[in-house]
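In: can you look at this prediction? I've put the sequence above it.
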Amino acid sequence: MNSDKLALPVGTTLDRFIMRKQEDFPYATGELSQLLRDIALATKIVNREINRSGLIDIAGAYGNRNVQGEDQQKLDVIANIRFIRALRNGGEVCTIISEEDDELIQTGNNQGKYVVAIDPLDGSSNIDVNVSIGTIFSVYRRVSPTGREGTVADCLQPGTHQVAAGYVIYGSSTMLVYTTGNGVNGFTYEPSLGEFFLSHPDITTPATGTIYSVNEGSSESFSSGVTAFLQHCKKEAFSGRYIGSLVADFHRNLLKGGIYLYPATAKNPKGKLRLMYECNPLAFIVEQAGGRSSNGQRRTMEIEPQAHHERCPVFIGSKDLVLQAEAALAAETNEA
């Protein structure tokens, strides 16, 4: 018997993949590689906490509201602490902006060359019912001089300036998907070894699809253009799939083809999702996979942010479907 068959390779680890790809960075000196490993470490810790949340008292509401006016879950707070701590200890990040914090978070690493925008735990209200949730992150190179604290200008850069972005989905398996502007790759966590292994190399999203994802509970306040687009989807017998965890809906559509939309509504006239923590990082990923992201009129990553908790409408997914949605909104504008 061939001895090689007794010990088949387990695959490429995330750490090894990052090191191999370091030369893809235009200013490769190792800091960004270390930053990504810091995020992966925090992900493993958060994954552990999520997996045991039903066994110890860390599920349910924390009792506070975050800056968004949303009820914080205990795991929101835990995940926020874990990611901030990992990025602070890693030393490569000078400043963090988090969906859970009102102000800029200074790490004390004033020589750090990067800033990070993060949604530590997306969809956390689904924890108690064991539905997939996620983490979304975005990395920018600071524009202010090193040697001092990061600034608002460092954090409020358009999405086109991102140097890396990714998300983690905590589901039937835990996956980390990221891009540094050279395609999209996905890694699945192997808990017995404590490692992420490359499982989805060079992800390409289909140009079109038959899935639409939207909260139709708000349909009475959708604009006529959004309503027309959704009627088109139904006429073509698309499948409506909406989990309520952005990462989970996005991940499915990225792999299978489809469109996720969270348009402006009467309750949320500027949309509900955050530009810096959710829309920009996922836009970077979907574009690198061949898809498209828009606020309905313009490319998401070209929006100039005015505040780090800024919201915007989003239409994201397969390129052809996003273009169709944009055309429906343009027709609405022309009719007006």
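Out: Structure's in. What do you need?
In: name the nearest residue to residue 320, ignoring sequence neighbours.
Out: Spatial nearest neighbour of residue 320, chain neighbours left out: residue 208 (4.1 Å); criterion: CB to CB, 6 or more residues apart in numbering. Where C-beta positions appear, they are placed from N, C-alpha and C, glycine not excepted.
In: check contacts around the one you found.
Out: Residues in contact with residue 208 (CB atoms under 8 Å, 6 or more residues apart in numbering) are 257, 318-321.
In: where does it land in three-state SS?
Out: Following DSSP: H, G, I helix; E, B strand; the rest coil, the label given to residue 208 is coil.
In: next: the one 4 residues further on.
Out: Secondary structure assignment for residue 212 (three-state DSSP): strand.
In: please renumber so the chain begins at 54
Out: I'll keep to 54 as the first residue from here, and by that count the last item is residue 265.
In: that one: what's it in contact with?
Out: So residue 265 contacts 283, 286, 291-294, 311-312, 314, 374 (CB under 8 Å, 6+ apart).
In: what is the nearest of these to residue 362?
Out: Among the contacts of residue 265, residue 314 lies closest to residue 362 (CB to CB), at 21.0 Å.
In: show me where this protein dips below the pLDDT cut-off.
Out: 54-62, 77-82, 106-125, 386, 388-389 (pLDDT under 70).
In: where exactly do the helices run in it?
Out: In the chain, the helices defined using DSSP state H lie at 67-73, 84-104, 127-143, 205-208, 277-288, 299-309, 333-341, 372-388.
In: those helices: which one's closest to residue 175?
Out: Here helix 299-309 is closest among the helices of the chain (CB to CB), at 5.1 Å.
In: the closest one - contacts with which helices or strands?
Out: On a contact count with 3 or more CB pairs under 8 Å, 6 or more residues apart in numbering; DSSP states H and E, helix 299-309 meets strand 186-194, strand 215-223, strand 227-232, strand 264-266, strand 312-315, helix 333-341, strand 367-370.
In: let's go with 7 Å and repeat that
Out: Under the contact definition 3 or more CB pairs under 7 Å, 6 or more residues apart in numbering; DSSP states H and E, helix 299-309 sits against strand 186-194, strand 215-223, strand 264-266, strand 312-315.
In: so which of the helices of the chain is the most surrounded?
Out: Highest mean neighbour count among the helices of the chain (mean count of other CB atoms under 10 Å): helix 333-341, with a mean of 26.
In: and the contacts of that one?
Out: By CB atoms under 7 Å, 6 or more residues apart in numbering, the residues outside helix 333-341 that reach it are 189-191, 212, 215, 218-220, 230, 232, 234, 236-237, 258, 303, 307, 345-346, 353-354, 369-370.
In: and those residues, which of them are buried?
Out: 189-191, 212, 215, 218-220, 230, 232, 237, 258, 303, 307, 345-346, 353-354, 369-370 (16 or more other CB atoms under 10 Å).
In: mind listing what the residue lying closest to residue 357 once chain neighbours are set aside touches?
Out: Once flanking residues are discounted, residue 357 sits nearest to residue 211: 5.6 Å by CB to CB, 6+ apart. Going by CB under 7 Å, 6+ apart, residue 211 touches 354-358.
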